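> Curious how this folds, go ahead:
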Amino acid sequence: MKEIAEVTAVDGNRVTVTTQLKTACSGCAQISNCGAGILSKLFADRNADFTVVTEQNFNPGDQVQLDVPETAVTRFALLLYGLPILTLLLMAVLLENTGILSEGVVILLSFSGFTFTFWGLKRWFRKRDIQVNAMVKLEMVAPGGSTQPPELS
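This next block holds a predicted model:
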């Protein structure tokens, strides 16, 4: 997966980049007729800032191309979307089969497990930042739009 970003800060070997978040609607021909497309226009000016550790030399204002392996993106997406839903369903089935709890309590506990799973994944992803940084590759974007390897220090 490749994305163009702008270097906003450099602190030693830590490079902070910002990229504009896109929606799937931006490439759709029905964007002006679709409710989701209209809503996506409201949130079009969102940016993502993050820091990447690299040995390459960059300056603030440089355009760079981020390269993240698609397998890593798929793995993280499955964890982020699949695990909370799986937790919700498993807790609902297991708690309902006890026969002790009322339906309302089962629903509340199942959604609590769903929420706790998101919280746990958030903490886990923060601890894995170093490993994620190792997967992200930065390349300088030339004025013509092609990428070129930056100079090493």
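> quick one: the strands in this protein?
2-11, 14-20, 47-53, 63-67, 137-141, 147-148 (DSSP state E).
> Redo the ones you listed as TSV? Include distance to Phe114, mean pLDDT and mean neighbour count.
The way it works is simple: take the backbone N, C-alpha and C, and place the C-beta from them, glycine included. As requested, these are exported to TSV (distance: least, C-beta to C-beta, whole Å; pLDDT from 0 to 100; neighbours: other C-beta atoms under 10 Å):
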stretch	distance to Phe114	mean pLDDT	mean neighbour count
strand 2-11	30	82	15
strand 14-20	29	80	17
strand 47-53	25	75	14
strand 63-67	31	81	18
strand 137-141	34	72	18
strand 147-148	41	52	14
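> So which of those is nearest Phe76?
Of all these, the one in closest proximity to Phe76, counting by C-beta to C-beta, is strand 47-53 (13.7 Å).
> returning to what we had before: among the strands of the chain, which comes closest to Gly82?
Each of those was checked against Gly82 via C-beta to C-beta, and the shortest separation belongs to strand 47-53, namely 22.2 Å.
> Describe which strands that closest one pairs with in its sheet and in which direction.
Based on DSSP bridges, the pairing partners of strand 47-53 within the sheet are strand 14-20 (antiparallel).
> angle of the partner strand against strand 2-11?
The directions of strand 14-20 and strand 2-11 differ by 140 degrees, with axes from the mean of the first three to the mean of the last three C-alpha atoms, to 10 degrees as the criterion.
> Just the C-alphas of strand 14-20, formatted as CSV.
These are the backbone C-alpha positions of strand 14-20, laid out as CSV (Å, rounded to 0.1, in the frame of the first residue of the first chain):
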residue,chain,number,x,y,z
ARG,A,14,12.4,10.4,13.9
VAL,A,15,10.5,11.9,10.9
THR,A,16,6.9,13.1,11.4
VAL,A,17,4.8,12.9,8.3
THR,A,18,1.2,14.0,7.6
THR,A,19,-1.1,12.5,5.0
GLN,A,20,-4.7,13.4,4.1
